[in-house]
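**Q** How does the following fold in three dimensions:
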Amino acid sequence: MLDMFRLIDHAQQFGLKVIRLWAFNHAMPYAWGKYDETQFQGLDYIVDSAGRHNIKLILALGNTWTAYRSPQDFMSIAGVNPAGKTLLDFYNSSQVLHLYRDHISTIVWRTNTFNGRRYRDDDAIMMWDAMNEPRCPGCMSAAEQASQQGFLGAVAQHVRDNAPKQLVALGTEGYLLNSYESYNPGAGARCEGEDWATLSKFDSIDATVVHVYERQMESVPPKWNKCDFDCFCNYMIQYLSIHQRITADVGKPLIMEEYGLILPQYTIEQRVILFQLVADNLEWMKKTNGPMMGVMFWNAAIGNVWDDGYNVYLDAPIYKPKPSPPVATAAPKPTSAPGGGSTPSPTSAPSTAQPEPERAAIVANTETLTDFLRGPQRAACAEDAAAWWLPVWTAGWAQTVDMDALRKRCQDSTVLQVLLSAKDFVYAS
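**A** A predicted model of the protein is given here:
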């Protein structure tokens, strides 16, 4: 619990106003209507602590991935054997939808053991995500799309009905279909089964969200080149632009709910550049009254915790240490010291840099699209799409970021300095 206080203190130091986290866990639920009370009280504590420190929360109600509570777990609890089935069966099951609605009701009607408020009435909770990254890989037919969209629409409406004072979003990543799919990061991206433009029109949601990562980039025609870091930075701005345009058309705010850069595949210096580019885009949105209201990096951390390469440590040194002055090539003439002998000459300036706390070793997240997550269906779809898909963002107009100037501007900065410089914007973590 002390670590939560420390995390909030650091978040406030950098002007971070929103924290996103899970409203599910290994035993939340462990059976239909059954929740581990100790784990639930941990969530109570976080919600109460955030409220007392004027931090807002986005709570995701479920997960597409295996971490903590997966679709397979919900299927098993609902009495649907997930063996031999796929994520599409999760979306199609009326029993699973019944359980998931009950799960939502349990969470939003929970009375916090620390402050006595129901979650649905707690101002600390700004928004609910229906699910984290609700893909349906390979779900390209009208019927398959209808299954996924029907599930998400029903879930979002249930949240809205039970927590009308709080905002509702879907937790989507931003993949595009139909007339927009040439803006995707690759031919296979359409095969994630997420029609973001259609989902953004749902009356049951108040805000749209996107998750943008370099790992989403695929080799692209006509030469099937892989996007490097500079290419990704330029692409990201264009990708955000099309989402900003779509969400403006439907009259809803946009939140860049996840972004980041993984180490050691990329460098700390490149991470600084990316964060500065995102901060610049957010500042421009604010100045022009654009629809993007906030950005959230993945993942804020302190201390010695598990790290998949994306952790941004808020307790790290804020400033880069100043380089020591060069040591003279010729030794100065010794001077006499009291009692004889020589007075040694200093060889370098003392360092006053804040030490970096001990960190856990980076352990890569190796989760892939399994058979349940419809990996084979996505692969077949991507192979078909590769024969005809053409991107628009590889044209000359896509190179809109002056990367040389951005590098020069960021060369003496840290990520934490970028966060400090952006604290006057609607910046979130």
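
**Q** ok, what's across the strand from the most centrally placed residue in the chain?
**A** For the chain, the residue nearest the mean C-alpha position is Glu258 (2.1 Å; C-alpha atoms, centre = their mean). For Glu258, the beta-bridge partners under DSSP bridges are His211.

**Q** Next up, the contacts around it.
**A** Contacts for Glu258 (C-beta atoms under 8 Å, 6 or more residues apart in numbering) come out as 211-213, 296-298. (Each C-beta comes from the backbone N, C-alpha and C, glycine too.)

**Q** How about Lys423?
**A** Applying C-beta under 8 Å, 6+ apart to Lys423 gives the contacts 14-16.

**Q** Would you check how far apart it and Gly15 are?
**A** 2 Å (C-beta to C-beta, to the nearest Å).

**Q** Could you do Leu419 as well?
**A** For Leu419, the distance to Gly15 - C-beta to C-beta - is 7 Å.

**Q** ok, those two, which is more surrounded?
**A** Leu419 (23 against 17; other C-beta atoms under 10 Å).

**Q** helix/strand/coil for that one?
**A** Per DSSP: H, G, I helix; E, B strand; the rest coil, the local secondary structure of Leu419 is helix.

**Q** Surely it and Lys17 touch.
**A** No - judged on C-beta atoms under 8 Å, Leu419 makes no contact with Lys17 at a distance of 11.6 Å.

**Q** Pipe the contacts of Lys423 into CSV and attach pLDDT and distance to Val363 per row.
**A** Putting these into CSV (pLDDT from 0 to 100; distance: C-beta to C-beta, whole Å) gives the following:
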residue, pLDDT, distance to Val363
Phe14, 93, 26
Gly15, 90, 30
Leu16, 92, 25
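
**Q** Just the C-alphas of stretch 284-300, formatted as CSV.
**A** Output in CSV follows, covering the C-alpha atoms of stretch 284-300 (Å, rounded to 0.1, in the frame of the first residue of the first chain):
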residue,chain,number,x,y,z
TRP,A,284,-1.2,21.1,-30.7
MET,A,285,-4.5,19.5,-30.0
LYS,A,286,-5.1,21.7,-27.0
LYS,A,287,-4.1,24.9,-29.0
THR,A,288,-6.4,24.0,-31.9
ASN,A,289,-9.3,22.6,-29.8
GLY,A,290,-8.7,19.2,-31.3
PRO,A,291,-10.5,16.1,-30.2
MET,A,292,-7.5,14.3,-28.5
MET,A,293,-7.9,15.1,-24.9
GLY,A,294,-5.2,13.0,-23.3
VAL,A,295,-2.3,10.5,-23.8
MET,A,296,-1.3,7.7,-21.6
PHE,A,297,2.1,5.9,-21.7
TRP,A,298,2.6,2.3,-20.9
ASN,A,299,3.8,1.7,-18.3
ALA,A,300,4.3,3.9,-15.2
